[in-house]
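*Asks:* Sequence and computational prediction follow.
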Amino acid sequence: DTGVSQDPRHKITKRGQNVTFRCDPISEHNRLYWYRQTLGQGPEFLTYFQNEAQLEKSRLLSDRFSAERPKGSFSTLEIQRTEQGDSAMYLCASSLGRDAFFGQGTRLTVV
Amino acid sequence: DAKTTQPPSMDCAEGRAANLPCNHSTISGNEYVYWYRQIHSQGPQYIIHGLKNNETNEMASLIITEDRKSSTLILPHATLRDTAVYYCIVSLSILNSGYSTLTFGKGTMLLVSP
């Protein structure tokens, strides 16, 4: 499969715990995006990487959230001290040109 | 990015054409129109994009009005697997901005029935 891969697909965690998600973009894509989607809403932009540089962060990305893309390949999104409001689908997308390709997402449930 | 307006839901009979409208009256000259769809529990899937001219690919056709204030996505022969939420997005050209973040609205829920 040469698409965007996300791991895990589902994560259930207790409030206050830290979680980390991984995204493997399409191999030649230099641009990588993270989005968050809550029930009944469209995806909301969180952050953007060009190669290893994080060039934009949304105001939605509080200081409990951190994203990295070492060596410009895979990316991780970490949420510290999770809250119930963090429950959502976290989507990763990659692109080389005008169209972005999304992964299947990681569904986070904070209990 | 310009805002878009789409009907919340539409129905279509299997085998018929599905025509999904989108209003983007505040679109600026260098903004593209993108369409994505999202099937339940999956990530969004790119369908098509355009700037001024009508576009067609293996999935759909995109008709953009001459004043660019609205567009229509056409699925020529809808199937049950086309049931999904369809998002119309306007966004800056990659060439101008270097990258483009997509601002999704709530989209149109298209239900294709037998």
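*Replies:* That came through, no problem.

*Asks:* In chain A, which residue sits closest to chain B?
*Replies:* With C-beta to the nearest C-beta as the measure, A:Gly42 is the residue of chain A nearest to chain B, at 2.9 Å. From N, CA and C alone the C-beta is placed, and that goes for glycine too.

*Asks:* For that residue, which non-adjacent residue is closest in space?
*Replies:* Take A:Gly42 and drop its neighbours on the chain: the residue closest to it by C-beta to C-beta, 6 or more residues apart in numbering or on different chains is B:Phe104, 2.9 Å away.

*Asks:* A:Pro43 is in contact with the one you found, correct?
*Replies:* Yes. At 4.9 Å, B:Phe104 counts as touching A:Pro43 under the criterion of C-beta atoms under 8 Å.

*Asks:* any residues in contact with both of these two?
*Replies:* A:Tyr35, B:Pro44 (C-beta atoms under 8 Å, 6 or more residues apart in numbering or on different chains).

*Asks:* out of these two, which sits in the more crowded spot?
*Replies:* Per other C-beta atoms under 10 Å in any protein chain shown, whichever of B:Phe104 and A:Pro43 has more neighbours is A:Pro43, with 26 against 21.

*Asks:* which residues does the nearest residue to the more buried one once chain neighbours are set aside contact?
*Replies:* Spatially, and ignoring its direct neighbours in sequence, A:Pro43 is nearest to A:Tyr35 (3.9 Å; C-beta to C-beta, 6+ apart). Shown in contact with A:Tyr35 (C-beta under 8 Å, 6+ apart): A:Pro43, A:Glu44, A:Phe45, A:Leu46, A:Tyr90, A:Leu91, A:Cys92, A:Ala93, A:Phe102, B:Leu102, B:Phe104.

*Asks:* ok, A:Tyr35 to B:Lys52 distance?
*Replies:* Going from A:Tyr35 to B:Lys52 by C-beta to C-beta, to the nearest Å gives 28 Å.

*Asks:* Quick check: beta-bridge partners of B:Ala84?
*Replies:* B:Leu110 (DSSP bridges).

*Asks:* What pairs with the helix or strand where B:Ile74 lies, parallel or antiparallel?
*Replies:* Per DSSP states H and E, B:Ile74 falls inside strand B:70-75. Using DSSP bridges, the strands paired with strand B:70-75 are strand B:18-23 (antiparallel), strand B:61-64 (antiparallel).

*Asks:* OK, contacts around the residue most central in space within chain A?
*Replies:* The C-alpha lying nearest the average C-alpha coordinate of chain A belongs to A:Trp34 (C-alpha atoms, centre = their mean; 3.8 Å). Contact analysis of A:Trp34 by C-beta under 8 Å, 6+ apart lists A:Cys23, A:Phe45, A:Leu46, A:Thr47, A:Tyr48, A:Ala67, A:Ser75, A:Leu77, A:Tyr90, A:Leu91, A:Cys92, A:Ala93.
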